[in-house]
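**Q** I would like to see how this sequence folds:
(chains A and B)
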Amino acid sequence: MVFNSLTFAVFFVLVLAMHSLPLGWTTKKVNLLLASYLFYAAWNPPFIILLWISTVVDWYAAQGLVHAQRPLARKAWMLLSVVVNLGMLAWFKYGEFALDNFAALMHSLGVAYQPPKSDIVLPVGISFYTFATLSYTLDVYLRRAMPARNFLDYALFVTFFPHLVAGPIMRPTELVPQFEQPRRASGDAIRFGLALMTLGLFMKVVLADGFLAPPAEGVFDAKTAPGALDAWIGTLAFSGQIFCDFAGYSTTAIGAAMCLGFAMPDNFRFPYAAIGFSDFWRRWHITLSSWLRDYLYIPLGGNRHGPARTYIALMLTMLLGGLWHGANWTFVAWGGLHGLYLAGERMLRSRFGHWRPGPLTFFGLGLLTYALINVTWVFFRSKTFEGAFTMLRGMAGATPHPMPLLSACELVAVALIMTSIVAVHWRMRDTTLEAVVARIPAPAIAVGWAAMAFAVVVEQGEGNAFIYFQF
Amino acid sequence: MPSSISSFEALPDAVRATAADRPGEAQPVPVRPVPPRPWRGIAATAVLLAVIAIAGWEWQMRRVGLRAGDYGIEPSGWAAARRQIDMGDLPVAIVGDSRILFDTDLDRFQQLTGVRPLQLALPGSNARPFLEDVANDPHFHGLLIVGLADMSYFRDGIGNGERALDRSHSEMPSQRTGYLLSRVLERNFAFIDPAYRLSTLVYTTDRGQRRGGASWYYRPWKLIQVDERGQASLWSKIETDSHLRAQARQAWLDMPGRPPRPPVDAKTIESTLAKTQAAVARIRARGGDVVFVRPPSSGPLRVREEQRIPRRLGWDALLARAQAVGIHVDDHPQLQGLDIPEWSHLSQRCASVYTDAYVRLLAAATSRVAIRADAPGPLTPRDCVTKSPGHTAADAGSLSGQ
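**A** Numbers count the residues shown, from 1 in each chain, chains lettered A, B, ... in the order given. Got it, this is the predicted structure:
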C-alpha cells in the first residue's frame, strides 16, 4: 500500500494502536513483522516469497560468514548472498531489457532474433530491500558488523514497513540494534512524527502530484516540441516533482518510524542548494549514494590507485547507479552525465583547490549546479533519447516555431513553487528541520501543520504510486 | 557522490551527520531529536484548525452544488463491474464513452426489458479497446451495446479508460480496500470530487491568457454525477448554470490559438474498422452479438465531428464492415429534439426519453432484447423537462436539427 492512501491511514492507526498495547517486546516485534508483511502483500501477495528468499538466504549467508574459517569459504558465503540477491534483481528488473538489447545486437549483425514475449512484473521495492539485505552480508563480510543475534530482529530489519519499498535504504547497524531493546515513542515524539508525516504527504500529494506533475507531463508527454519557456518550466516542474515525491516519501517514512519509537536516517539534505555535484550527492538520496560509495566505488578502488582508476571507478559507479533506477539506457545516460559532472568537478578542484568563492559567486555556483542538475533530469524523465534531445533542443531555444504548451497559470505556479523550494533549500542548507522548528513560535507551527493537513485533505489525491516505487 | 571529493565547506555544526559523511564505516543508529516545543498544545490546535477548515470547505462545496453521495467512477469500481462478465451469463452489457454512459437510463432500460444492462462505459475513453476486451473474454455470450462518439472511437489510444482496463486485469488488494473506503467517504462528504481538488481549482482559474497554451479552462471539467447504484448522468448544474455550461461547451472545440485538428486519417479509419470487424466476429463466434449506438450531439461540436470523421467514412463504413446493426440518432426522429445542454450529453430527464426510444429500436432490431408486456408506454421529447432556458431548439440533437 502507498502512504498516500486511505488503506494506509487505516493500517497505520491499527499498527500504532497495537504497538501501544501493554504487550511484551517480542510480541510487539512479531506484530510489526506481520504488519510489514501485510503492508507488502497489499501490492501483490505472491511477491512476499521473494522477500522471504532474500531474508533467509542472507540470514544463513551471514551465519556462514561468521563460522567460516577459511577466506575462500567466507568469500563463497558472501558471493552466495550477492548472486542470489542480484540474480533476483536482474531477473525481474533487467531480464526483458537484456533480451531486447540482445535482439537489437543480433539484428545489427544481421541475425533475425525475436525474444520471447515477457510478462514479468517488477516486484515493488525489490531494488531497495535487495540493497538493504545485501548491506547486511557485506558488512559482516567486511567485518564492519556482527550478525543479528536473532532471526526476528533481522527479519524485521529487512521488512520494517516504513523503509521497505522506497527507503531510506537502511544498514543493519542502523536498525537491528534498535530492535534489541524495548523502545517506546514519547507523546511528543508521536506528535512530531505525525507532523513529519503531514509534511511528507503535503509534499507528495499537494506539490508533487497536484501542482507539479501536470505541467511536467504537459511538456514531457507533449506530441510537439517545446519552446524554451515551456521546456525549462516543464523540466523545473519535474525537478520539483521528483524531489517532493521522493523526499516526501522519506519524510513520511521517518515520521511513521518515529511514531513507533524508531529512528531512521536522513535521506535528503536540501539538495537544490548544493554547490557542485559531490555536494549534491551528499544531499540527494543519501542512503543510496552512500551505499554505492561503500559497496561499489570503494571496492572498485575509489581514489586509492591514482587518477585514472579513480575516474573509471567514478564513472562505473554512476553508470550502475543510473541503471539501478531503471532498465532503460536513458537512466544510464543520466548516471553517466552525473559521472562526467563529478569527474569534471574533481579535475577543477585538483587545479583550483585553493580558490574560495565570494558570496555572490557562491550563489552563482549554486544556481549553475541546479541548472545542470535540471539537464540531467531531462534524461531521467524522458522515455527515449529522441524525447530527451527534443527537450534539450527546446531548453536551448533551438526548436523552430514552437507552439505554447502550458497555460499561464501553470507557468506561474511552477515558477512560484520552484522558487520557493530552492529558496527554502538555500535557507536550510546549513541547518536541520528540527533546529528551525525549535525556533518557530508554537502558534505558527500549529497553523502551518493545520494548513498542510487541510491542503492534503482538500487535494484528495488519487493514491498515485511514488515515482521511486518503480525503481 | 564519492567521498573523495570534498565540498567547498566543512560540515557546519548545525547539520546532522549522515552516511554521506561517514565513508566506509558501519553506520551508527541514527539520532532523531524532537524539537523542544509544546507539542501537545500545537497538535491540539492544529487538529482543531484543520477540522474547522475542512468543515468550512465542505460547507462551501455544498453551497456551490456538490452533494454527498455523488460517486465518481473509479478504476476499482469499474473493475468490480467488469468482473460480473466473468461470473456467468450476462444478457446485456454496454461499453463506450461518456455519451452512452450519461444518456442511458439503466432503470428505464430495466423497466422496458426486464434486464438491467451492465454499464461499462467510461468518460473520455475510446469504446473500441473495451469492445476488444469483451471480445477476448470467453465468458461473454450476450448482447454488447457499443456506444460510439465518432471522434473518440476513430483514434488509436484508449483514452481515460486505460487505468480502469489495467485495473480489471491486475488489481492490488490495497486498491480494492482503498476503493471501499473511498465509497464511505463519498457517501458522507460532498467535497470528495476530483474536479474540485485544490490544484484543479487553481489551474482551472486560467482563462487562456497564454494564447495556444493548454489552458485548463478548455478541458472537460466536472460533467458527471453518479448515484449509489452506478447510474451516471450529466451534472445537473450544467443544465442550470450558464457559466459552467459555457465552459463545458468550450471543452469540445479546438483550443484558441491552436490550429484545428485535422480530419482522421485513412490509416486510423482502416485500422479501427479492421479491429472492430475482428472483435465483432469473435463475439458472434461464441454466440453473442454486437449493436452500435450513436447518441446525439449538437451545435458546433456536431459540425466538428462531421468534419473530422464524416458519417460516410466512419459510422456507415463501420456497420458495413462489421455487418452489424446500428442505431444512429440522425436516422430516427424519435431520438431527436432532445435537450443537450453542452452539445455532447443529454440532460438527465432527456436521457430517460432517449433510452426509452433507443431500447425500443433495439428490441425491433435484435431478438436478444424484448419489450415486456407490462412495460410502460413510450416517452416523447415532451417528457423531457428542459431546465436551461435559451438553448433547447438550437441544441436539439441531430445533424438536421442544427
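**Q** drop to CA atoms for contacts and neighbour counts, all remaining ones
**A** Noted.
**Q** who's in contact with the residue most central in space within chain A?
**A** Within chain A, one residue has its C-alpha closest to the average C-alpha position: by C-alpha atoms, centre = their mean, that is A:His285, at 5.1 Å. With contacts defined as C-alpha atoms under 8 Å, 6 or more residues apart in numbering or on different chains, the neighbours of A:His285 are A:168, A:267-268.
**Q** Serialize those residues to TSV and add fields for secondary structure, pLDDT and distance to B:His345.
**A** Shown next, in TSV, are these (DSSP: H, G, I helix; E, B strand; the rest coil; pLDDT from 0 to 100; distance: C-alpha to C-alpha, whole Å):
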residue	secondary structure	pLDDT	distance to B:His345
A:Pro168	coil	92	49
A:Asn267	coil	95	50
A:Phe268	coil	95	49
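**Q** Looking at the residues you listed, which is nearest chain B?
**A** A:Asn267 (8.3 Å; C-alpha to the nearest C-alpha).
**Q** Quickly note the distance from the closest one to A:Ala132.
**A** 14 Å (C-alpha to C-alpha, to the nearest Å).
**Q** still on that earlier bit, how close does the residue nearest to the centre of chain A get to B:Gln225?
**A** Using C-alpha to C-alpha, we find A:His285 at a distance of 43 Å from B:Gln225.
**Q** Not counting its own residues, what contacts the lowest-mean-pLDDT helix or strand in chain A?
**A** Within chain A, judged by mean pLDDT, DSSP states H and E, the helix or strand with the poorest mean is helix A:95-108; its value is a mean of 83. Contacts made with helix A:95-108 from outside it, assessed by C-alpha under 8 Å, 6+ apart, are listed as A:112-115, A:118, A:120, A:327-328.
**Q** Got a PyMOL select line for the buried ones in the residues you listed?
**A** When burial is assessed using 16 or more other C-alpha atoms under 10 Å in any protein chain shown, the buried subset of the contacts of helix A:95-108 is captured in PyMOL by this command:
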select buried, chain A and resi 327+328
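**Q** between A:Asn267 and A:Ala132, who's got more neighbours?
**A** More neighbours surround A:Asn267 than the other of A:Asn267 and A:Ala132, with 27 against 24 (other C-alpha atoms under 10 Å in any protein chain shown).
**Q** got a list of what that one touches?
**A** Contacts of A:Asn267 were listed using C-alpha under 8 Å, 6+ apart, and they are A:168, A:247, A:250, A:283-287.
**Q** where in the chain is pLDDT low?
**A** Went with chain A since none was named. Within chain A, the stretches with pLDDT under 70 are A:118, A:461-471.
**Q** Oops, wrong one, chain B.
**A** Low-confidence segments of chain B (pLDDT under 70): B:1-14, B:385-402.
**Q** ok, which stretches of it are strands?
**A** In chain B, the strands defined using DSSP state E lie at B:92-95, B:118-119, B:143-147, B:224-226, B:232-234, B:289-294, B:325-328.
**Q** end to end, how far does stretch A:395-413 reach?
**A** 19 Å.
**Q** what about A:Ala435, how many neighbours?
**A** Other residues within reach of A:Ala435 by the criterion other C-alpha under 10 Å amount to 16.
**Q** So it sits against B:Pro36, correct?
**A** No - using C-alpha atoms under 8 Å, A:Ala435 is not in contact with B:Pro36, being 9.4 Å away.
**Q** What residues sit buried inside the least confident helix or strand of chain A?
**A** Along helix A:95-108, the positions that meet the burial threshold by neighbour count (16+ other C-alpha under 10 Å) are A:95-100, A:103-104.
**Q** for stretch A:350-366, same thing?
**A** By neighbour count with 16+ other C-alpha under 10 Å, stretch A:350-366 contains the buried residues A:363, A:365-366.
**Q** And stretch A:167-178, by the same measure?
**A** Across stretch A:167-178, burial judged by 16+ other C-alpha under 10 Å covers A:167-178.
**Q** Which residue comes closest to A:Trp232 once chain neighbours are left out?
**A** A:Met395 (5.7 Å; C-alpha to C-alpha, 6 or more residues apart in numbering or on different chains).
**Q** how near is that neighbour to chain B?
**A** Separation of A:Met395 from chain B (C-alpha to the nearest C-alpha, to the nearest Å): 17 Å.
**Q** now swap in A:Leu300 and tell me
**A** Following C-alpha to the nearest C-alpha, the distance that separates A:Leu300 from chain B is 12 Å.
**Q** what's the span of stretch B:117-137, first residue to last?
**A** First-to-last residue span, stretch B:117-137, C-alpha to C-alpha: 17 Å.
**Q** Tell me the buried residues in it?
**A** Using 16+ other C-alpha under 10 Å as the burial criterion, the residues of stretch B:117-137 that qualify are B:117-132, B:134-135.
**Q** now stretch B:225-232
**A** Burial within stretch B:225-232, assessed by neighbour count using 16+ other C-alpha under 10 Å, is assigned to B:225-226, B:230-232.
**Q** which two in those are spaced the farthest apart?
**A** B:Gln225 and B:Gly230 (9.5 Å; C-alpha to C-alpha).
**Q** between these two, what contacts are shared?
**A** B:Tyr71.
**Q** Reformat the contacts of helix A:95-108 as a markdown table; add distance to B:Trp57 and secondary structure.
**A** Putting the contacts of helix A:95-108 into a markdown table (distance: C-alpha to C-alpha, whole Å; DSSP: H, G, I helix; E, B strand; the rest coil) gives the following:
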| residue | distance to B:Trp57 | secondary structure |
| --- | --- | --- |
| A:Ala112 | 62 | coil |
| A:Tyr113 | 60 | coil |
| A:Gln114 | 57 | coil |
| A:Pro115 | 55 | coil |
| A:Ser118 | 48 | coil |
| A:Ile120 | 45 | coil |
| A:Ala327 | 44 | coil |
| A:Asn328 | 44 | coil |
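**Q** Of the contacts of helix A:95-108, which is the nearest to chain B?
**A** Minimum separation from chain B among those (C-alpha to the nearest C-alpha) is found for A:Ile120, which lies at 13.0 Å.
**Q** Next, count neighbours for the residue lying closest to the closest one once chain neighbours are set aside.
**A** Excluding its sequence neighbours, the residue lying closest to A:Ile120 (C-alpha to C-alpha, 6+ apart) is A:Phe92, at 6.4 Å. Look at A:Phe92: counted by other C-alpha under 10 Å, it has 16 neighbours.
**Q** Surely A:Phe92 and A:Val124 touch.
**A** No - counting by C-alpha under 8 Å, A:Phe92 stays clear of A:Val124, with 10.4 Å between them.
**Q** Could you identify the longest helix within the chain?
**A** You didn't pick a chain, so chain A it is. When secondary structure is assigned using DSSP state H, the longest helix within chain A turns out to be helix A:228-259.
**Q** meant chain B, my bad for not saying
**A** When chain B is parsed with DSSP H, its longest helix is helix B:39-63.
**Q** So for it, what gets flagged as buried?
**A** If you call a residue buried by 16+ other C-alpha under 10 Å, then helix B:39-63 has these buried ones: B:39, B:42-43, B:45-47, B:49-50, B:53-54, B:57-58, B:61.
**Q** Mind putting those residues into a markdown table with distance to A:Val375?
**A** Shown next, in a markdown table, are the buried residues of helix B:39-63 (distance: C-alpha to C-alpha, whole Å):
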| residue | distance to A:Val375 |
| --- | --- |
| B:Trp39 | 42 |
| B:Ile42 | 42 |
| B:Ala43 | 41 |
| B:Thr45 | 43 |
| B:Ala46 | 40 |
| B:Val47 | 41 |
| B:Leu49 | 42 |
| B:Ala50 | 39 |
| B:Ala53 | 40 |
| B:Ile54 | 40 |
| B:Trp57 | 40 |
| B:Glu58 | 43 |
| B:Met61 | 42 |
